[in-house]
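Peer 1: Mind folding the following:
(one chain, ligands or ions: 2)
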Amino acid sequence: MYSNFQNDIYAKGMLGGVRPAYPTEFDGWHEAAHQKLTPEAYGYIAGSAGLETTAHANRAAFARWEIIPRMLRDTSKRDTSVEILGKRWDAPIALAPIGVMTIAHEEGEVAVARGASRRGVPMIASTAAAKPMEEIAAALHDTSGNETSGRGWYQLYWSSDRDVALSFVRRAEAAGFEAIVVTVDTWQLAWRPRDLVQAFLPFLRGEGVANFLSDPVFQSRLEKSPQEDPEAAIRLWGSIFGNPALTFDDIAWLREQTSLPILVKGIQHPDDATACIDAGADGVVVSNHGGRQVDGARASLDCLPDIVSAIGGSTILFDSGVRCGADIMKALALGADAVLIGRPMVYGLALGGAEGVEHVLQCLQADFELNMVLSGIGNVADIDRTCLVRADD
Ligand SMILES: Cc1cc2nc3c(=O)[nH]c(=O)nc-3n(C[C@H](O)[C@H](O)[C@H](O)COP(=O)(O)O)c2cc1C
Ligand SMILES: O=C(O)C(=O)c1ccccc1
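Peer 2: Ligands and ions are numbered 1, 2, ... in the order given. Take a look at the predicted model:
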């Protein structure tokens, strides 16, 4: 039971005089990480596009839904597990793909993988990770110590060099990643004032390009090795990173190339969701990239119900603005199968590496379970629209 964590905290405090090493909710993680991070890294992580209207809308949308807890329902048996693409997850939570995590902590995605596997939470490894995917997979599957083997998916930023994109998919298959998440909303970075004013882009320092530099097809495009001529390698990366020409036909093409499940991340319109499924995708991630791409875009939570109506039955994951257990419950009530945790995880990483990630996940798991059972629901499958009302009703 995740909620034992609550008892542990009180017992350590009351019997041993020890308080938790880190804060236990989002604002605390955010504030503490702000103190630790360089101004550039903090701006990059916390920042969003334009006036950050959409980033704020993501949170406001959660506040417009309210849970009505029900009483006197037997919740003595509780089950937070869900089945996603034929596999059992202990909780409806996975880690969102986040690039360049060495700006938050020197061990970057390797620390994230360790924290995630300790909590049994699947991790989606980003194409823009600061570590090659094989290193992340090794950390996920490392069962030394008391860790159980973790579960990983691979997030694909589809290079305009299709052979490089396909090489990434082959490497992901070989490394044991269990699904491909194609992110389609970020083939170019949006107007991000916090980064612009500091003239900061992690890639230009070589972070976030590890998967490219270590790729045999990418290397074959260079005259000299990345070690011999790092500048030329970064230039090539810049010219092929994003692919503005992608269409649904490319999703259909990818479907023919791999037997791994495919999810498309960054979907906000129900017709796009339908087109993804028609092209052979197994599901979508409803997301506006945490408000980091189209400023003025609709809150991600408000996009969810129409997409559920359009492609219900396919796998529907959700992100953008998930901060606490109640948010997870609301997203599930509106039809998501599971949620992805983005910034809360990055702040945990900044605070304490693998231990910080583990702590944040443990807090979210306990908070979610307690929120669910105290609302009178013993089983995730029973979280549905009837748990919620609109705040203005
Ligand atoms: C610092 C940072 C880096 C990100 N890098 C990626 C990435 O490499 N690939 C990707 O698909 N999404 C990336 N995202 C988006 C997340 O996967 C996710 O959609 C977003 O963080 C959700 O919003 P939230 O963190 O506000 O909840 C990134 C987000 C942040 C904050
Ligand atoms: O910053 C981001 O949101 C993001 O998705 C990204 C894109 C390219 C490289 C690294 C991260």
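Peer 1: How about the secondary structure of the residue nearest to residue 107 when sequence neighbours are not counted?
Peer 2: Spatial nearest neighbour of residue 107, chain neighbours left out: residue 353 (5.5 Å); criterion: Cβ to Cβ, 6 or more residues apart in numbering. The C-beta positions use only the backbone N, C-alpha and C, and glycine is treated the same way. Following DSSP: H, G, I helix; E, B strand; the rest coil, we place residue 353 in the helix state.
Peer 1: Same check on the one 10 residues further on?
Peer 2: Residue 363 carries the three-state label helix when classified by three-state DSSP.
Peer 1: Next, count neighbours for it.
Peer 2: The criterion is other Cβ atoms under 10 Å. On that basis, residue 363 has 26 neighbouring residues.
Peer 1: ok, back up a step: residues contacting the residue nearest to residue 107?
Peer 2: 105, 107, 111, 115 (Cβ atoms under 8 Å, 6 or more residues apart in numbering).
Peer 1: Okay, and which of those residues map to helices?
Peer 2: Applying DSSP state H to the contacts of residue 353, the entries found in helices are 111, 115.
Peer 1: who wins for neighbours among the contacts of residue 353?
Peer 2: Of the contacts of residue 353, with other Cβ under 10 Å as the count, residue 115 tops at 29 neighbours.
Peer 1: do you know how far that one is from ligand 2?
Peer 2: Separation of residue 115 from ligand 2 (Cβ to the nearest ligand atom, to the nearest Å): 20 Å.
Peer 1: do you know how far that residue is from residue 324?
Peer 2: 18 Å (Cβ to Cβ, to the nearest Å).
Peer 1: again with residue 105
Peer 2: 23 Å.
Peer 1: Please list the residues of the stretch 251-393 of the chain that sit near ligand 2.
Peer 2: Residues of the stretch 251-393 of the chain found near ligand 2 (Cβ under 6 Å from any ligand atom) are 289, 292.
Peer 1: all helices for the stretch 251-393 of the chain, in order.
Peer 2: For the stretch 251-393 of the chain, the helices defined by DSSP state H, counting those that start in this stretch cover 270-278, 300-311, 325-333, 343-374.
Peer 1: Just send those helices back as CSV, with distance to residue 227 too.
Peer 2: As requested, these are exported to CSV (distance: least, Cβ to Cβ, whole Å):
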stretch, distance to residue 227
helix 270-278, 39
helix 300-311, 41
helix 325-333, 44
helix 343-374, 28
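Peer 1: element containing the nearest residue to residue 266 once chain neighbours are set aside, please.
Peer 2: Leaving aside its chain neighbours, residue 266 sits nearest to residue 185 (2.9 Å; criterion: Cβ to Cβ, 6+ apart). Per DSSP states H and E: residue 185 is located in neither a helix nor a strand.
Peer 1: re the thing from before, among the contacts of residue 353, which one lies nearest to residue 207?
Peer 2: residue 105 (12.1 Å; Cβ to Cβ).
Peer 1: what's that closest one in contact with, if anything?
Peer 2: Applying Cβ under 8 Å, 6+ apart, the residues contacting residue 105 are 111, 349-350, 353, 356.
Peer 1: Looking at the residues you listed, spot the one nearest residue 56.
Peer 2: residue 350 (22.1 Å).
Peer 1: Is it correct that that closest one is in contact with residue 31?
Peer 2: No: in this structure, residue 350 is not within contact of residue 31 by Cβ atoms under 8 Å, at 11.3 Å.
Peer 1: Which two of the contacts of residue 105 have the greatest separation?
Peer 2: 111 and 350 (10.3 Å).
Peer 1: near ligand 1, which residues of the stretch 251-393 of the chain show up?
Peer 2: 265, 287, 289-290, 319-322, 342-343, 346.
Peer 1: Just the ones of the residues you listed in strands?
Peer 2: residue 265 (DSSP state E).
Peer 1: ok, and the most crowded of the residues of the stretch 251-393 of the chain next to ligand 1?
Peer 2: Counting by other Cβ under 10 Å, top hit in those: residue 320 with 33 neighbours.
Peer 1: contacting residues around it?
Peer 2: Counting by Cβ under 8 Å, 6+ apart, residue 320 has contacts 58, 287-291, 299-301, 342.
Peer 1: Let me see the contact set for the residue nearest the centre of the chain.
Peer 2: With distances taken as Cα atoms, centre = their mean, residue 96 lies nearest the centre of the chain, 0.7 Å away. By Cβ under 8 Å, 6+ apart, the contact set of residue 96 is 124, 319, 340-342, 345.
Peer 1: and with 10 Å instead?
Peer 2: Contacts for residue 96 (Cβ atoms under 10 Å, 6 or more residues apart in numbering) come out as 123-124, 126, 155, 181, 265, 285, 287, 289-290, 317, 319-320, 322, 339-346.
Peer 1: gap between it and residue 236?
Peer 2: In terms of Cβ to Cβ, residue 96 sits 27 Å off from residue 236.
Peer 1: Quickly note the distance from the residue of the chain most remote from its centre to residue 21.
Peer 2: Distance from the C-alpha centroid of the chain, by Cα atoms, centre = their mean, peaks at residue 15 (36.7 Å). Separation of residue 15 from residue 21 (Cβ to Cβ) stands at 17 Å.
Peer 1: before we move on, what about residue 93?
Peer 2: 21 Å.
Peer 1: next one: residue 57
Peer 2: From residue 57 to residue 21 the distance is 33 Å (Cβ to Cβ).
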